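A.B. asks: sequence and predicted model, in that order:
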Amino acid sequence: MHRRHFAALLAPLALAPRFTLPSRRLERTPLPTPETLRPDGVTLTARAARVDVAPSVAGEVWTVSTGAHGVVAPTLRVRTGDTMRLDLANELAEPTVLHWHGLSVPEAMDGGPRMAIGPGQRLGYRFPVRNRAGTYWYHAHPHMRTGAQVTRGVAGLLLIGDDEEDALALPSGAREIGVIVQERRLGADGGFDYAPAMHERMEGWFGETIYGNGAPDPTVEVDTALHRVRLVNGTPSRILRLALSNGAPMLLIGTDGGLLPEPVSVDTIDLGTGERVDLLVDFSDLAVGTRVMLRSLAFDSPAGGGGGMGGMGRGMGRMMAGGIAQGEALDLLEFVVARAVRSRPWQRRPFPAIERLDPATAHTTRTFRFDSMMMQHSINGQMFDMDRVDVTVPFGSTEIWRFVNPGPFPHPVHVHEIQFQVLRREGGRGRLFPWEGGWKDTVLVHPDETVDVIARFDAHRGRYLLHCHNLVHEDGGMMLNYEIA
């Protein structure tokens, strides 16, 4: 029985106190390996397609691909210094656009809401790749419809390579696993249902089934060897607390903006929406047939408040929302050890150094306050206006940006165009974490936290976005335009 049908049996109990469902063996789906493309003159078409969205369940999805069918967006592979040459053709019934999440690009190529194209139109992307090697991604970014389009399938991996990464001889080929973790609910027609109800417009929208690269409850076969796992949190609103079911550590080698200065062994990683991690996972000592689950561990939801209009994250507000609640334990990706092989151990080599920006060189400190109350989401008291410029940053300057969260809900704060470094966190969790030690474009700010980041604005002039990457908050107005001039 699929989770959707099982949940339907419990519908009459929706207002009863929350309880734990009995554990059961899910029918798992092989993790798809997306088509890999070099964006050198290709056309991606956004369209609706009818495919199998779950075992024995067909439905409509929205996808972006080179073919007429398919639920998995292609993985784009480029190298630093390449020129991206790609066209987007829109065959959806509404406007869309693709944003290159984490990349530094000219304003006209950024893919923000102002660049969205209507049905039947095409948009050409031509820009040099400036970013260092790392795990990036691309996704739909139309005004007030980002959540719906991303959740229905308009998102894919964008992997950048360079000579520094090549020198590390990291696992590759079948031992490099890229996965976008998403979550979905199935509607009555079998398609993906995304329509946040009133209460979900505050804390966020949560699904009932985990998907990896478009496949529900994914599983992947691995060798008795070291594997590289490149993971994107592509959910609308969920924080993931990553861990392996066998308790083994993961070697964290990279985050949003590429490789860390050195690998760090971690047992858990907290990942907000839009954030990425690059991991090495070792299956060398495991017997063939062993199953290891990459999980999101249970944790207390950081959302506060009760049933009032300002804080609908818990209590009656949460019970009236759908999906699996924030902080519930989830199985994300099953690894099945399928082949015993003899492989040479990975020879650890020095990682490339990262330039550290000096706070003493910052020209100014700007404060951005993220408020969620009375069914509205705002930054510095204002909701998004696509034509308004809220902040002007001098070209070439270095600035400290202070993200303040006085409200009851966590905010993964994302900045277009630049990568930043996280300086400090005050209040709340009160410290920095290993996955915040390199270049970042998204940082998770819990309630009652203030996070300072530092960035240099010296690549392009133009208008870009700062916003919360909780897609419900973003679509609800928690976004602003800043201009580099």
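C.D. replies: Thanks, I have the structure now.
A.B. asks: dump the residue contacts of the residue most central in space within the chain.
C.D. replies: The residue at the geometric middle of the chain, judged as the C-alpha nearest the mean C-alpha position with Cα atoms, centre = their mean, is residue 274 (2.7 Å). Applying Cβ atoms under 8 Å, 6 or more residues apart in numbering, one finds that residue 274 lies in contact with 101, 233-234, 412, 414, 441-442, 469. No exception for glycine: its C-beta is placed from N, CA and C like everyone else's.
A.B. asks: repeat that for residue 131.
C.D. replies: Residues in contact with residue 131 (Cβ under 8 Å, 6+ apart) are 80, 102-104, 160, 257-258, 419.
A.B. asks: let's go with 10 Å and repeat that
C.D. replies: 78, 80, 100, 102-105, 158, 160, 162, 257-258, 419, 439, 441, 459 (Cβ atoms under 10 Å, 6 or more residues apart in numbering).
A.B. asks: go on, residue 338?
C.D. replies: Remark: with contacts taken as Cβ under 10 Å, 6+ apart, residue 338 is in contact with 220-224, 283, 288-290.
A.B. asks: helix, strand or coil for residue 165?
C.D. replies: What DSSP: H, G, I helix; E, B strand; the rest coil gives for residue 165 is helix.
A.B. asks: pLDDT wise, what is the nearest residue to it once chain neighbours are set aside at?
C.D. replies: Nearest residue to residue 165 in three dimensions, chain neighbours excluded: residue 133, at 3.8 Å (Cβ to Cβ, 6 or more residues apart in numbering). Per-residue confidence for residue 133 comes out at a pLDDT of 98.
A.B. asks: count of residues packed around residue 133?
C.D. replies: Burial of residue 133 is recorded as 23 neighbouring residues (other Cβ atoms under 10 Å).
A.B. asks: pLDDT averaged over stretch 33-47 - what is it?
C.D. replies: For stretch 33-47, mean pLDDT is 95.
A.B. asks: check the offset of that stretch from the chain's centre.
C.D. replies: 20 Å (Cα atoms, centre = their mean, to the nearest Å).
A.B. asks: what about that stretch, how long is it end to end?
C.D. replies: Its start and end residues considered, stretch 33-47 measures 20 Å (Cα to Cα, to the nearest Å).
A.B. asks: ok, stretch 449-464 next?
C.D. replies: So stretch 449-464: terminal residues 25 Å apart, Cα to Cα.
A.B. asks: which among the contacts of residue 131 end up buried?
C.D. replies: 78, 80, 100, 102-105, 158, 160, 162, 257-258, 419, 439, 441, 459 (16 or more other Cβ atoms under 10 Å).
A.B. asks: show me where the stretch 51-200 of the chain dips below the pLDDT cut-off.
C.D. replies: Flagging of the stretch 51-200 of the chain using pLDDT under 70 yields the residue ranges 54-55, 68-71.
A.B. asks: extract the CA atoms of stretch 51-62 and return them as PDB.
C.D. replies: What follows is stretch 51-62 as a C-alpha-only set of coordinates in PDB (Å, rounded to 0.1, in the frame of the first residue of the first chain):
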ATOM      1  CA  VAL A  51       4.400   9.400 -16.200                       C
ATOM      2  CA  ASP A  52       4.500   6.800 -13.400                       C
ATOM      3  CA  VAL A  53       4.900   8.900 -10.300                       C
ATOM      4  CA  ALA A  54       4.700   6.000  -7.900                       C
ATOM      5  CA  PRO A  55       4.300   2.200  -8.200                       C
ATOM      6  CA  SER A  56       1.200   1.500 -10.300                       C
ATOM      7  CA  VAL A  57       0.200   5.200 -10.100                       C
ATOM      8  CA  ALA A  58       0.400   7.400 -13.200                       C
ATOM      9  CA  GLY A  59      -0.100  11.200 -13.100                       C
ATOM     10  CA  GLU A  60       0.900  14.500 -14.500                       C
ATOM     11  CA  VAL A  61       4.200  16.100 -13.600                       C
ATOM     12  CA  TRP A  62       5.900  19.200 -14.800                       C
END
